[in-house]
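> Give me the fold of what follows.
(2 chains)
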Amino acid sequence: MGLTGLAIFKQLPKTNCKDCGQPTCLAFAMQLASGKAGLDQCPHVSDAAKEALDSASAPPIALVKVGKGEKEVALGSETVLFRHEKRFENPTGIAVSVKDTDGDIASKVAAINKLVFDRVGQIHSVNLVAVVNASGDGAKFAEAAKTVQDNTEFPLILVSEDPAAMGSALEVTGANNPLICGANASNLEAMVELAKKYDAPLVVKGNGLDELEALVEKSGYKKLFLDSGAREINKALADQTQIRRQALKKFRPFGYPTIAFADNADPVQAVVDASVYIAKYAGIVVVDSADPADLLPLVTLRLNVYTDPQKPIAVESKLYEIGTPGPDSPVFVTTNFSLTYFNVQGDVESGRINGYILPVDTDGISVMTGWAAGKFTPEKITEMLNTSGVAEKVTHRKVIIPGGVAVLSGKLNEISGWEVLVGPRESGGIPSFIKQRWGA
Amino acid sequence: MAVTIAKEKWTSKVGEMELGTGAKAIKVGGETSLPFLHFEGEIPNRPVMALEVWDMEPTEWPDILKKPFDGVLADPVAWAKKNVEYGADLIAIRFMSAHPDFKDASPEECAATAKAVADAVDVPLVLIGCGIEEKDAAVMEKVGEALSGKQCLIGCATEKNYKTITAAAMVNGHSVIASSPLDINLAKQLNILMTEMNLPTNRIAIDPLVGALGYGIEYAYSIMERARMGALMGDKMLAMPVICFVGQEAWKAKEAKSPDEETPEWGALDKRAILWEVVTTTSFALAGGSIFILRHPETIKHVNAHFAKVMESNAY
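Coordinates of the predicted model:
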């Protein structure tokens, strides 16, 4: 990463021995540069060259894991500042906090466990539980951590700046790779020692970027999360931006994922702050609310921002019922590009139309692109009319196609036998189209 | 070793647009940095928010949206005044009655409504057609004339009707909303066509036809980020403030409408519906949006609190 094929080539043995499977060392170097091969495929590379290449080819932001098993989260490994440049890799971990002074910890954890949302068949949820040592008491903290651990499968974040309290909590939870949160200027050595003892990830918090850098260097530890100490959203946005920019420039002390705390006293601002952290670079964001109304927008924004811009998202190609359709309800055909489908669905709903939508599988591309690419064809529409079950649901044989592909209507009518109505070009016109053309 | 703050060296800026007249006139745009990164440039103007006024009663609106406007929804003038009380920076009049499916009101009738509202409030106005391109052109011609000199923002101009709307804006001193569907090159193309008619670049607002949170927000989000970078790198045809019709999209989302008993796992509707409009707005502001057309007064309150904070300096 960041190294050209030629720069890598200079470090290789240049024997063209083919042991790596490539015809020449230069070819191998090019593969390395594009990330398609790993250096360990060359058995002859010198240790010195290995070290030089490893550190240069290490990703700009380390991948750091929290937790164990199925719910483990891995953050970092990001390579860009803007999602359109490539994509964001590892979706922000959303953590909900509980305090060791909370009355009924188990029931708050139960509420957190329920923060699971279904979005067109995909399940999205929060990811971690942060246990906060608000009491200042080590025994109480350990007990709370244990209660949380016993009641959830989510990984834990242990929040205390007191190494003794942290030590107690780790005695009961340390085997499950919790995030230790964390080290600061006054407790760095003790916290690093605990992190090393349990081989667990550690948050390093600085008072500003300069101190953060100094503490990271001093820690000598590699499984880190960074916290610049900023809590006001304007300053935290600047710090998050700086840390990401510096990391991508290979400023190594900042080459770790970050953690942000959306602890605004105003509950709406706390959600807004958290949304800013999701869009702008936080590895983990900690929120205090376990109200699904607060979490749904955050989980949704994360899904949107972390969508790979190069891969259109598709909805499942099947029969969708909008409202309570009956045998006389209209049948709309569109493509399974999620944005296209959501638009059609939204406009059918907003027109209070009871109807059926058939998103034809175009590999998730839009109507016009699908038509141009030969993926939205009369044959495919016919197949969907025949196999989706819609023919048994409605007694009429009329299908509405998008206005942009009016050209398909003749052929579609011929091979499907259905009467083809050419709908509006934009889905926004569906309500008035139905008013004028359906059932009249 | 101290951290050297990484600053981008931008060479250009977003154009600055002036809307309205007198004490309540506002400016948008003018940034020489990415959104809210005060440490590397100037952000002379805070993003602004408009609340919508319809010229006919919106019967389809959900109750939560109707409630704050109880008693004024059928009276555009009273509704507009209410919006000012609620803290809207601008009023966006939507001439829904002009739609052939509704009242098919004449451009002259729309102009009369516009005039009545303009006489009653002193904040700048955004004038939006019913969405039928030919009709919007005809309506904007008359409405623009009726409010000549008020420095309104009128639209939406598309590739089909931009000529009439641009002309109406130029003659009467208004600015134009240029709408193009989620494509940075189409946006640029429309801006070129409009400036070729000699409309100054700082009198165009880009409307990328945004989607709400959960409904394609990421497309417009990335277009806005790219447009802002283009503007800062000197592309004059992208150096316009961006307008986002958030209200109409957010309130279409299932998350903003589904009642508590239908989706108990989503939490209380009252809270989640407002958050849907709030987070859609603040996310677009973070990507570079400058003008927001909204529907609920609570949203204005919450977003204002956020804007106040992110407009505070974060210079190092």
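> Can you give me every residue that contacts whichever residue of the stretch 201-316 of chain B sits closest to chain A?
Distance from chain A to each residue of the stretch 201-316 of chain B (Cβ to the nearest Cβ) is smallest for B:G267, at 2.8 Å. Any C-beta I mention is one placed from the backbone N, CA and C, and that applies to glycine too. Applying Cβ atoms under 8 Å, 6 or more residues apart in numbering or on different chains, we find B:G267 in contact with A:D291, A:P292, A:A293, A:D294, A:L295, A:L296.
> what's the lowest-mean-pLDDT helix or strand in chain A packed up against?
Lowest on mean pLDDT, DSSP states H and E among the helices and strands of chain A sits helix A:47-57, with a mean of 76. Applying 3 or more Cβ pairs under 8 Å, 6 or more residues apart in numbering or on different chains; DSSP states H and E, one finds that helix A:47-57 makes contact with helix A:5-11.
> Contacts made by the very next helix or strand once past the helix it packs on with the rest, please.
Remark: after helix A:5-11, the chain's next helix or strand is helix A:25-33, criterion DSSP states H and E. Applying Cβ under 8 Å, 6+ apart, the external contacts of helix A:25-33 come out as A:3-6, A:8-9, A:12-16, A:20, A:22, A:37-39, A:41-42, A:53, A:57.
> Name the single longest helix found in the chain.
Because you didn't say which chain, this covers chain A. helix A:233-248 (DSSP state H).
> my bad, chain B
Identified as the longest helix of chain B according to DSSP H is helix B:269-287.
> buried residues in that one?
Buried residues in helix B:269-287, counted by 16 or more other Cβ atoms under 10 Å in any protein chain shown: B:269, B:271-287.
> Restricting to C-alpha, output that helix in PDB.
C-alpha atoms of helix B:269-287 as PDB (Å, rounded to 0.1, in the frame of the first residue of the first chain):
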ATOM      1  CA  LEU B 269     -43.200   7.400  16.500                       C
ATOM      2  CA  ASP B 270     -43.200  11.000  17.800                       C
ATOM      3  CA  LYS B 271     -39.500  10.800  18.600                       C
ATOM      4  CA  ARG B 272     -38.300   8.800  15.700                       C
ATOM      5  CA  ALA B 273     -40.200  10.800  13.000                       C
ATOM      6  CA  ILE B 274     -38.600  14.000  14.200                       C
ATOM      7  CA  LEU B 275     -35.200  12.400  14.400                       C
ATOM      8  CA  TRP B 276     -35.600  11.100  10.800                       C
ATOM      9  CA  GLU B 277     -35.900  14.700   9.500                       C
ATOM     10  CA  VAL B 278     -33.200  16.000  11.900                       C
ATOM     11  CA  VAL B 279     -30.500  13.300  11.100                       C
ATOM     12  CA  THR B 280     -31.200  13.500   7.400                       C
ATOM     13  CA  THR B 281     -30.700  17.300   7.600                       C
ATOM     14  CA  THR B 282     -27.500  17.300   9.700                       C
ATOM     15  CA  SER B 283     -26.000  14.500   7.600                       C
ATOM     16  CA  PHE B 284     -26.500  16.500   4.500                       C
ATOM     17  CA  ALA B 285     -25.100  19.600   6.200                       C
ATOM     18  CA  LEU B 286     -22.000  17.600   7.000                       C
ATOM     19  CA  ALA B 287     -21.700  16.700   3.300                       C
END
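> Run through the neighbouring helices and strands of that helix.
So helix B:269-287, by 3+ Cβ pairs under 8 Å, 6+ apart, packs with helix A:267-279, helix A:292-305, helix B:63-66, helix B:217-232, strand B:242-244, helix B:246-250, strand B:289-294, helix B:297-310.
> Just give me how far it sits from the chain centre.
Centroid separation for helix B:269-287 versus its chain: 15 Å, with Cα atoms, centre = their mean, to the nearest Å.
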